[in-house]
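Undergrad: give the three-dimensional model of this entry:
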Amino acid sequence: MPLSSPVRLHHWVEMAVFLMLFSTSIRALGANGSRAKPGCGHAAAEQTSGHVLRSEVNLQTVNVQVKDKSGKDVRGLTVNDFTVRENGQRQKIAFFDPGTGPVTIAVLVDSSVSVSENGKVGSAEQIAAQFMRVARPGDDIFAMDFTDSTGPFEHLTAEQLRNPGPVAVPSAGGSGSALYDAIATAICYLRESKNPRQAIIVITDGVDEHSRLTLDQSIALVRSQRAQLFMIGLHSRPEFRFEGRVEPKIRLVTGQDIDNPGLVFYRLTKEAGAETFTANSQHGLRGGLKAVSDMLDSEYTLAYYPPSTSRKTRKIDVKLDRHGLRVLGNRVAVSTQTLDETAHYLSGTCSVSPTFYARAYESRTAHTPGGNIYRDDFSDPHSGWPVHSDSHYVPGGYELSTVDQVGSGNYGGGSASKILPAGGGPQAISSTIQGPTRSYRENVIAAYGPGWPDFRVSATVKALKPPSDWNEEAKFSHPVRAAAGLAFRIDLKGYYALLVSPSVQNRRMLAFELVARTFHGDSYAELTIVPWTTIPQDSPVESRLAIEDVGDQIRIFVDGKLVGIARDETFEGGYEGFVVSAPAAAVFSNFVLEQK
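TA: From the prediction side, this is the model:
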């Protein structure tokens, strides 16, 4: 982000302070369910025809709290005590609720593997049951589990929770997280509610790896809809080291960038009017849920029929005609007339449309009777693979290099952090050579595409070579070997790697090995499955590598020949891609991933 503009600099500093304060509050206040940031009210919306949920409304609502000079909630006010103005024009209040009316509430629980095991706070059903104990009679409670997909959106009654039978809220399955899509799905379901008062409570660590919607799109949708958003923050796994980071983007081990989870909470709070709380234990969760219930109980809800406007935003002001009282909850609402605030859903469902929000690899995936096949020849530099200084498109392929220039590219600009969790071993050393400072990393990984449980993956790797500016004096803490190959079943725990390395003595020979690498903070533990094995090399220029992985059986192919079979079940799922080990650079081409 450029820092030359004073406005942008102020925003950047403000965000950095928020991220540090939020991570501190997670540690220091999480056990008490503390409120992290006062927020605002919300706008209203309803669905139009078809499978498109538009931000068009026939009733605009806003939720406010009223405080006295000592900060205590003021209750018992009437509609005549309030004045509502939109863009300075007084509006006729068509609906008023002093906090006694029913609220339709959706409880969304992130059960993805990024959430710290120590921070697990129960299933969606269990958390909804906890909230129902502090909610008021008449509130309508729904619950949904989500990971990289969403589970069923289930209506829960007090009778169901008093007499539990089979699980009422099934798990979503999956492993990653699609937070933005889950919020959009809940908004879609809530369009059926007739209650003017609606709320979405999301229990999450803020990590989003898989949403089709962007954070900007999610914010726009929340701001244009009726439901008030409450975020209860959890810890991520400690190996991610997210806390205290202020970069807008965090790079995962696959090379893909995600929004900094702290930034997610910050922007949803500041721009979408969300209320943010923290919880890292059952006690903290109960405090957070009780705080949400108390807020809903103390809020006044006002609604009016908005006039037509061509403005992009509507500024809503709520004033009191009583001296000594103050109103919390005025907000800017997104215009109902803009087409860019339209969320598209799969026809007949509340699933975010995979056609309208297609991922780049989906256009390169063919559906055949034998299974799906994803191909990429890297001729299109926008086909979705990570682009960084050490992993990028080149003419005729995709290159990985173990050298990265410190102070340039994505790292130096502050737009992406180092790989998290670390991609290998004593991860990097720095050495000053002629010109800029360089960082040499032991392993570089890049992955993209679908994550199928059983597959065959293949690619061509061109002859290895040291980076052009490799400093021979730079040494790792242990011996390294230049190698490149296929990385597969890459997940939060680690990955498998099929590595090849040409023989220095005989250009007609090639060596390969198969290893499993398990992450441990900045290092990893390596298990050798197939030790270095020398085979004849068909071409001194390039090799065609393939892995067929079905169940726990791994079959290894080099230049079309089966050269090894092994069994291992260290990693059960994940993504496929490439790996280069220092000191080396390699170019990959003709990537093919076949579902088995």
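
Undergrad: if I look at the nearest residue to T254 once chain neighbours are set aside, how far off is T460?
TA: What sits nearest to T254 in space, not counting adjacent residues and going by Cβ to Cβ, 6 or more residues apart in numbering, is A447, at 4.1 Å. Using the backbone N, CA and C atoms, a C-beta is placed for each residue, glycine as well. A447 sits 17 Å away from T460, going by Cβ to Cβ, to the nearest Å.

Undergrad: higher neighbour count, the two?
TA: Neighbour count, other Cβ atoms under 10 Å: between A447 and T460, A447 has more, with 24 against 18.

Undergrad: correct me if wrong: L346 contacts P354.
TA: Yes. The pair L346 / P354 is scored as a contact, 6.8 Å apart, by Cβ atoms under 8 Å.

Undergrad: so for the chain, the centremost residue is which one?
TA: Geometric centre of the chain, nearest residue: D208, 0.6 Å, by Cα atoms, centre = their mean.

Undergrad: contact partners for it?
TA: Applying Cβ atoms under 8 Å, 6 or more residues apart in numbering to D208 gives the contacts 177-180, 215, 258-259, 264.

Undergrad: make a markdown table from the residues you listed and add neighbour count and distance to A128 to it.
TA: Formatted as a markdown table, the contacts of D208 follow (neighbours: other Cβ atoms under 10 Å; distance: Cβ to Cβ, whole Å):
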| residue | neighbour count | distance to A128 |
| --- | --- | --- |
| S177 | 30 | 19 |
| A178 | 25 | 20 |
| L179 | 30 | 18 |
| Y180 | 25 | 21 |
| L215 | 20 | 26 |
| I258 | 24 | 28 |
| D259 | 20 | 27 |
| V264 | 23 | 23 |
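
Undergrad: for these, which one is nearest D390?
TA: Top of the list for closeness to D390, among those and by Cβ to Cβ, is I258 at 17.9 Å.

Undergrad: from memory that closest one sits against R245, does it?
TA: No. Applying Cβ under 8 Å as the test, I258 and R245 come out as separate, 11.7 Å apart.

Undergrad: can I get the contacts of D208 in a markdown table with secondary structure, pLDDT and distance to V403?
TA: Output for the contacts of D208, formatted as a markdown table (DSSP: H, G, I helix; E, B strand; the rest coil; pLDDT from 0 to 100; distance: Cβ to Cβ, whole Å):
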| residue | secondary structure | pLDDT | distance to V403 |
| --- | --- | --- | --- |
| S177 | coil | 92 | 32 |
| A178 | coil | 95 | 34 |
| L179 | helix | 96 | 35 |
| Y180 | helix | 97 | 35 |
| L215 | helix | 95 | 32 |
| I258 | strand | 93 | 25 |
| D259 | strand | 95 | 28 |
| V264 | helix | 94 | 32 |
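
Undergrad: give me the low-pLDDT residue ranges for the stretch 351-500 of the chain?
TA: Low-confidence segments of the stretch 351-500 of the chain (pLDDT under 70): 404-440, 466-478.

Undergrad: again, only using 90
TA: For the stretch 351-500 of the chain, the stretches with pLDDT under 90 are 370, 389, 402-443, 463-482, 491-493.

Undergrad: element containing E271?
TA: Per DSSP states H and E: E271 is located in helix 261-272.

Undergrad: which element follows that helix toward the C-terminus?
TA: Per DSSP H and E, the first helix or strand lying C-terminal to helix 261-272 is strand 275-278.

Undergrad: what helices or strands is that following strand leaning on?
TA: helix 6-29, strand 35-37, strand 228-233, helix 261-272, helix 282-298 (3 or more Cβ pairs under 8 Å, 6 or more residues apart in numbering; DSSP states H and E).

Undergrad: so the third one versus helix 261-272, what angle?
TA: Going back to what we said before, that points to strand 228-233. 160 degrees (axes from the mean of the first three to the mean of the last three Cα atoms, to 10 degrees).

Undergrad: and whatever helix or strand comes next after strand 228-233, average pLDDT?
TA: For strand 228-233, the following helix or strand on the C-terminal side (DSSP H and E) is strand 249-251. For strand 249-251, mean pLDDT rounds to 90.

Undergrad: neighbouring strands for strand 249-251, and are they parallel or not?
TA: Partner strands and pairing direction for strand 249-251 (DSSP bridges) are strand 257-259 (antiparallel).

Undergrad: per-residue confidence for T157?
TA: Here, the pLDDT recorded for T157 equals 79.

Undergrad: got the contact list for it?
TA: I141.

Undergrad: look up how far L289 lies from it.
TA: If you measure T157 against L289 using Cβ to Cβ, the figure is 18 Å.

Undergrad: same thing with F82?
TA: Counting by Cβ to Cβ, the gap from F82 to L289 is 28 Å.

Undergrad: and those two? Which one has more around it.
TA: Between F82 and L289, counted using other Cβ under 10 Å, the more crowded position is L289 (27 against 20).

Undergrad: run through who's touching the strand ranked longest in the chain.
TA: Secondary structure of the chain read by DSSP state E shows that its longest strand is strand 523-536. Contacting residues not belonging to strand 523-536 are listed as 422, 424-427, 494, 496, 501, 503, 508-518, 554, 556, 558, 561, 563-564, 566, 568, 570 [Cβ under 8 Å, 6+ apart].

Undergrad: can I have the buried ones of these as a PyMOL selection?
TA: A single PyMOL command selects the buried members of the contacts of strand 523-536 (16 or more other Cβ atoms under 10 Å):
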select buried, resi 422+424+425+427+494+496+501+510+511+512+513+514+515+516+517+554+556+558+564+568
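
Undergrad: returning to that earlier point: export the very next helix or strand once past the longest strand of the chain as CSV, just CAs?
TA: Counting by DSSP H and E, the element after strand 523-536 in chain order, helix or strand, is strand 542-550. Extracted in CSV, the C-alpha atoms of strand 542-550 (Å, rounded to 0.1, in the frame of the first residue of the first chain):
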residue,chain,number,x,y,z
GLU,A,542,13.8,-31.9,-18.8
SER,A,543,12.0,-34.7,-17.0
ARG,A,544,8.3,-35.6,-16.8
LEU,A,545,7.3,-36.4,-13.2
ALA,A,546,4.1,-37.9,-12.0
ILE,A,547,2.5,-39.1,-8.8
GLU,A,548,-0.5,-41.3,-8.5
ASP,A,549,-1.9,-41.1,-5.0
VAL,A,550,-4.9,-43.2,-4.1
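
Undergrad: pull the helix or strand that strand 542-550 is followed by out as PDB, backbone CA atoms only.
TA: Using DSSP H and E, the helix or strand that follows strand 542-550 towards the C-terminus is strand 553-558. Output of strand 553-558 as PDB, limited to C-alpha atoms (Å, rounded to 0.1, in the frame of the first residue of the first chain):
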ATOM      1  CA  GLN A 553      -0.600 -45.900  -1.900                       C
ATOM      2  CA  ILE A 554       1.800 -43.600  -3.800                       C
ATOM      3  CA  ARG A 555       3.100 -44.600  -7.200                       C
ATOM      4  CA  ILE A 556       6.100 -42.700  -8.700                       C
ATOM      5  CA  PHE A 557       6.600 -42.100 -12.400                       C
ATOM      6  CA  VAL A 558       9.600 -40.500 -14.200                       C
END
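
Undergrad: when you give positions from now on, start the count at 45
TA: Right, with 45 as the first residue, what we last looked at is strand 597-602.

Undergrad: so what touches strand 597-602?
TA: Counting by Cβ under 8 Å, 6+ apart, 502, 540, 542, 544, 554, 556, 558, 573-574, 579, 587-593, 606-612 sit against strand 597-602.

Undergrad: contacts for the next helix or strand after it next, please.
TA: For strand 597-602, the following helix or strand on the C-terminal side (DSSP H and E) is strand 605-611. Strand 605-611 has contacts (Cβ under 8 Å, 6+ apart) with 556, 558, 573-574, 577, 579, 596-601.

Undergrad: please consider this matter closed, and thank you.
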